[in-house]
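# this is a predicted model, with the sequence first.
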Amino acid sequence: MSIELTPLGNSCNLACSYCYQTPMKDADPALPSFDVEAMKRGLLDAKPGASGFTLFGGEALLVPLDVLEEMWRWGFERYGQNGVQTNGTLITAAHLELFQRYKVHVGVSLDGPCALNDARWAGSLEKTRLMTERSEGALRRLCAAGIKPSLIVTLNQYNASRLRLPLLIEWLESLALLGIEHVNFHSLEVDHALVGEHLALSHDELIHAYLTLAALRLPMKFEPFEHMKQLLLGNDQHASCVWHACDPYTTAAVQGVDGHGEATNCGRTNKEGVSWRKPTDVGFYRQLALYDAPQADGGCQGCRFFLMCKGQCPGEAIDGDWRNKTEKCGVWMALFAAFEQQLVQAGQHPLSLASNRLAVEQQMLEAWATGYNSSVAAAIRASDSSRADHLPVAALHGDVPHGDEHGDHYDYSGEDYSGEAIDKAGANVT
């Protein structure tokens, strides 16, 4: 697991209208300070055994170049690698040199070329288009330098409507020719009415966009599609954080450290502009409540995809209330159903259709009720009481591997369960 380091908090050179960090920026618009040595101490304390850290923001490259070099030099000596998530507008030749010298994986947030990226606002249309050109140029320079960036693309009216989607696909084809291999399609997080009115796709439009993108045959890895298919096969070991049972006050997938070395949580769950301190105890009250609450009342009762979704990200909960399921429930349900059918047609055995799915759910519920998380793979094994190596719930305690805060850089451990392994592990899929 990588640690998220935010030396300058949510400070950014853009003002994207859909940014989930807006409540935090509104609450504290001042440019924060940072302490390099305190950040190093905070990183060491945040997660023993971590694989490294990813510089994050806001815009991470607002940090002065000499500080970037000091942190990446330290990170390379300790972890052998580094990471950064950026909008790409500030990347210079000097940054490229540091990326190469200190083995920095670069993630770029960009929604497309020209007008497709207009939601990533820079103050005026002219400046927004200029910043988009800079980001596109950065992608080309990164690839030319042998640094293959991953990409976050947020789907919205500007880039994924039925009119614009063909343009997005053309762009993706051009990125594949550059050598870019990893793209994560994010759904737009709607935190206020104007974003929903002017930028959000309808659920039908979003389903159409996702299924169209999932059907592309390009030499690229697209998420969330591959993760969703693996989840249907009972393998959540490699899934990004939105598919795990997130406690919004501890956000296990994000071990964050701010500019003064203090522990922080994932900003997606911060709807009040308050950076709550990370507690030591984890609770799974959201998942326990969702399991029993009727779907019409914001719950997940009776959903055959609950083991895969678990209510999805609390940052996308209905009405911004983490106690509710995701407001895009209909979207994810439609995608899981489509992928479920594809797996069945391919002769595989989705856990969502397994005869003992409810028994696996009970194993998860029992673990959550005692304050621990369990991988679905472990719950499958434990649900088969006939096995000699049957595992009690107590044996399931411990951390479940999560993706990073946005599911774009992967560092996992644990067992990898395919559909065949589910069958052997007692999912009783016939």
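All right, it came through fine.
# any idea how far residue 290 is from residue 370?
According to Cβ to Cβ, to the nearest Å, residue 290 stands 18 Å off from residue 370. For glycine as for every other residue, the C-beta is placed from the backbone atoms N, C-alpha and C.
# could you list the low-pLDDT ranges of the stretch 101-250 of the chain?
For the stretch 101-250 of the chain, no stretch has pLDDT under 70.
# circling back to that earlier point, more neighbours, residue 290 and residue 370?
Each of residue 290 and residue 370 has its neighbours counted (other Cβ atoms under 10 Å); residue 290 has more, 26 against 13.
# what separates that one from residue 361, distance-wise?
Distance of residue 290 to residue 361, computed by Cβ to Cβ: 12 Å.
# shared neighbours, these two?
residue 306 (Cβ atoms under 8 Å, 6 or more residues apart in numbering).
# show me where the stretch 101-250 of the chain has helices.
125-144, 157-160, 165-178, 193-198, 203-214, 225-232 (DSSP state H, counting those that start in this stretch).
# quick one: contacts for the nearest residue to residue 176 once chain neighbours are set aside?
Among residues not flanking residue 176 along the chain, residue 218 sits closest, at 4.7 Å (Cβ to Cβ, 6 or more residues apart in numbering). Counting by Cβ under 8 Å, 6+ apart, residue 218 makes contact with 172-173, 176.
# quick check on the residue nearest to residue 76 when sequence neighbours are not counted: phi, psi?
Among residues not flanking residue 76 along the chain, residue 102 sits closest, at 4.3 Å (Cβ to Cβ, 6+ apart). Phi and psi for residue 102, reported as degrees, to the nearest 10, are phi -110, psi 20.
# what is the burial count for residue 102?
Neighbours around residue 102, by other Cβ under 10 Å: 19.
# now it: how far from residue 223?
Between residue 102 and residue 223 the computed distance is 26 Å (Cβ to Cβ).
# what do you get for residue 267?
20 Å.
# and residue 84, what element?
Element membership of residue 84, judged by DSSP states H and E, is strand 82-86.
# tell me what that strand is packed against?
strand 52-55, helix 65-79, strand 104-109 (3 or more Cβ pairs under 8 Å, 6 or more residues apart in numbering; DSSP states H and E).
# and those: which comes nearest residue 14?
The closest of the helices and strands packed on strand 82-86 to residue 14 is strand 104-109. By Cβ to Cβ, the value is 9.4 Å.
# what's the closest one in contact with?
54, 72, 81-88, 98-99, 120, 135, 138-139, 142, 147, 149-152, 154, 406, 408-409.
# with stretch 241-252 instead?
Against stretch 241-252 from outside (Cβ under 8 Å, 6+ apart): 224, 227-228, 231, 236, 253-254, 265-266, 269, 276, 278-279, 281-287, 308-310, 312-316, 322, 364, 368, 373, 399-400, 402-407.
# swap in stretch 70-87?
2, 5, 7, 12-14, 36, 39-40, 50-57, 59-61, 63, 98-99, 101-110, 120, 131, 135, 152, 406, 408-409.
# for PyMOL, what selects the buried ones among these?
Selection of buried members from the contacts of stretch 70-87 for PyMOL, criterion 16 or more other Cβ atoms under 10 Å:
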select buried, resi 2+5+7+12+14+39+40+50+51+52+53+54+55+56+57+59+60+61+63+98+99+102+103+104+105+106+107+108+109+110+120+131+135+152+406+408+409
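# tell me the domain ranges of this structure?
2-269, 285-425 (automatic domain parsing).
# distance of the residue lying closest to residue 107 once chain neighbours are set aside from residue 59?
Once flanking residues are discounted, residue 107 sits nearest to residue 85: 4.3 Å by Cβ to Cβ, 6+ apart. Taking Cβ to Cβ as the measure, residue 85 falls 9 Å from residue 59.
# got it, and residue 359?
Per Cβ to Cβ, residue 359 is found 47 Å from residue 59.
# ok, residue 92 next?
14 Å.
# swap in residue 371?
37 Å.
# ditto for residue 228
30 Å.
# try residue 152
Noted for residue 152: a distance of 13 Å to residue 59, by Cβ to Cβ.
# same check on residue 345?
With Cβ to Cβ as the criterion, residue 345 and residue 59 are 44 Å apart.
# now the helices for the stretch 251-400 of the chain?
Under DSSP H, counting those that start in this stretch, the stretch 251-400 of the chain gives helices at 285-292, 306-309, 329-345, 357-369, 376-383.
# using CSV, please lay out these together with distance to residue 182 and mean pLDDT.
Shown next, in CSV, are those (distance: least, Cβ to Cβ, whole Å; pLDDT from 0 to 100):
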stretch, distance to residue 182, mean pLDDT
helix 285-292, 29, 97
helix 306-309, 21, 97
helix 329-345, 19, 98
helix 357-369, 29, 96
helix 376-383, 24, 90
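# return the most buried member of those.
helix 376-383 (a mean of 26; mean count of other Cβ atoms under 10 Å).
# chain center to it: distance?
Put simply, helix 376-383 sits 24 Å off its chain's centre (Cα atoms, centre = their mean, to the nearest Å).
# what helices or strands is that helix leaning on?
Against helix 376-383 (3+ Cβ pairs under 8 Å, 6+ apart) you get helix 306-309, helix 357-369, helix 419-425.
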